[in-house]
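In: just coords:
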Ligand SMILES: [Zn+2]
């Protein structure tokens with residue numbers, strides 16, 4: 001869906017869970033916010049300097065494992081990507097995210113519960129129009145075999161993602177999704193994953209303390225250790241798309257363009273956003289007036305008959 005006006009949620013939504021890396025219990029509350037507020041985190045366990053704007057320039061550390069954003073006072077929140085991926089897909093523009101710990105709850109490793117409760121709360125649509133980032137020319141970032149590039153694309157965000165693993169079960173997977181045309185259910189439901197042989201490495205880094213088979217897919221050789229197996233054969237690449245959407249939300253306004261990424265992750269996406277936005281000739285900020293919309297968009301919104 002492409003909506004033209006800004007959105008928030010109709011009422012507060014609460015979650016309780018544990019941080020994947022800290023293993024700490026965390027309470028998370030999504031609070032409706034006014035137009036042009038944007039997406040802002042608030043650390044309720046701290047009294048001062050506790051707000052952090054969800055912006056790519058605030059990304060302190062984007063590791064292969066998660067994204068951490070931090071304000072000018074050094075206050076941070078980590079593992080932001082799954083909730084933000086849900087907000088990207090559901091097109092929530094304005095939200096205050098209250099959290100009483102330094103890491104978001106991992107839930108079941110996917111965005112499934114976030115989306116379910118957001119939909120139950122309902123969406124409030126404001127009269128204020130929404131701004132978009134229109135991609136004006138192709139821009140690419142490469143890091144050896146990894147790459148990510150964006151190209152102009154009319155009135156939609158397309159993400160084409162590829163992963164290549166030595167592992168026989170994961171192997172090579174590629175998937176393209178359109179935010180305008182596709183149901184994102186499989187993207188939302190796909191869980192984070194880890195290779196069995198990497199668990200020790202992650203633990204030695206002091207991370208993954210809250211990780212278990214209840215919130216991550218563990219792959220051992222050509223098998224999945226989780227009792228119920230995979231949710232989808234391509235769950236791995238689908239989850240990478242969720243991560244990518246969650247990191248793209250940090251660009252303030254939704255991007256209208258086609259993103260193609262191979263073997264990338266949080267770090268590459270963040271470097272890409274920093275470089276892309278550092279050159280103003282790469283993009284323009286646009287606001288749609290419903291009457292001036294191209295017919296294809298009106299058609300997809302079910303407005304063609306009245307246009
Ligand atoms: Zn993830």
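Out: It's in. Since this is a predicted model, take the numbers as computed values, not measurements.

In: Quick check: chain neighbours aside, which residue is closest to residue 147?
Out: The shortest distance from residue 147 to any non-neighbouring residue, by Cβ to Cβ, 6 or more residues apart in numbering, is to residue 262 (5.5 Å). All C-beta spots, glycine's among them, are computed from the backbone N, C-alpha and C.

In: er, residue 128 actually
Out: Counting by Cβ to Cβ, 6+ apart, residue 128 lies nearest to residue 35, which is 3.8 Å off, once chain neighbours are set aside.

In: Okay, the one you found and residue 52: tell me how far apart.
Out: 20 Å (Cβ to Cβ, to the nearest Å).

In: Tell me which of those two has more neighbours.
Out: For residue 35 versus residue 52, the count of surrounding residues by other Cβ atoms under 10 Å is larger for residue 52: 25 against 16.

In: I'd guess that one is in a helix, am I close?
Out: No - Residue 52 is assigned strand when assessed by DSSP: H, G, I helix; E, B strand; the rest coil, not a helix.

In: Could you report the neighbour count for residue 51?
Out: When neighbours are counted by other Cβ under 10 Å, residue 51 registers 14.

In: got it, and the one 4 residues further on?
Out: Burial measure for residue 55: 17 neighbouring residues, criterion other Cβ under 10 Å.

In: got it, and residue 201?
Out: Count around residue 201 with other Cβ under 10 Å applied: 12.

In: Residue 188 too?
Out: If you count neighbours by other Cβ under 10 Å, residue 188 ends up with 23.

In: next one: residue 154
Out: Considering only other Cβ under 10 Å, residue 154 is surrounded by 12 other residues.

In: same question, the one 5 residues further on
Out: Neighbour count of residue 159, defined by other Cβ under 10 Å: 24.

In: Look at it and give its secondary structure.
Out: Of the three states, residue 159 takes strand according to three-state DSSP.

In: for residue 207, same thing?
Out: Applying three-state DSSP: residue 207 is coil.

In: Leaving out the residues flanking it, which one is nearest to it?
Out: Using Cβ to Cβ, 6+ apart and skipping residues adjacent in sequence, the residue nearest residue 207 is residue 21, 4.2 Å away.

In: Identify the residues contacting the one you found.
Out: 65, 66, 78, 79, 103, 206, 207, 208, 209, 210, 211 (Cβ atoms under 8 Å, 6 or more residues apart in numbering).

In: OK, contacts around the closest residue to the last one other than its chain neighbours?
Out: Think residue 211. In space, and not counting its chain neighbours, residue 211 is closest to residue 20: 5.6 Å by Cβ to Cβ, 6+ apart. Residues near residue 20 by Cβ under 8 Å, 6+ apart: 66, 79, 103, 106, 109, 192, 208, 210, 211, 215, 216.

In: Per-residue pLDDT of the last one, please?
Out: Read that as residue 216. We have a pLDDT of 95 for residue 216.

In: OK, contacts around it?
Out: Shown in contact with residue 216 (Cβ under 8 Å, 6+ apart): 20, 106, 109, 191, 192, 193, 194.

In: Let's verify the residue nearest to residue 207: helix, strand, or coil?
Out: Classification of residue 21 by three-state DSSP places it in coil.

In: just to revisit the earlier point, which pLDDT value belongs to the residue nearest to residue 147?
Out: Looking at residue 262, its pLDDT reads 98.

In: give me phi/psi at it?
Out: When read as degrees, to the nearest 10, the backbone of residue 262 gives phi -120, psi 120.

In: partner residues bridging it?
Out: Beta-bridge pairing for residue 262 (DSSP bridges): residue 147, residue 162.

In: my guess is it meets residue 172, correct?
Out: No - the criterion here is Cβ atoms under 8 Å, and residue 262 misses it with residue 172 at 9.8 Å.

In: Pick out whichever of these two has more residues nearby.
Out: residue 262 (18 against 11).

In: Roughly how far does that one sit from the ion?
Out: 17 Å (Cβ to the ion, to the nearest Å).

In: swap in residue 283?
Out: Distance from residue 283 to the ion, by Cβ to the ion: 26 Å.

In: Give me the neighbour count for the nearest residue to that residue once chain neighbours are set aside.
Out: Nearest residue to residue 283, sequence neighbours excluded (Cβ to Cβ, 6+ apart): residue 133, at 5.1 Å. When neighbours are defined as other Cβ under 10 Å, residue 133 has 22 of them.
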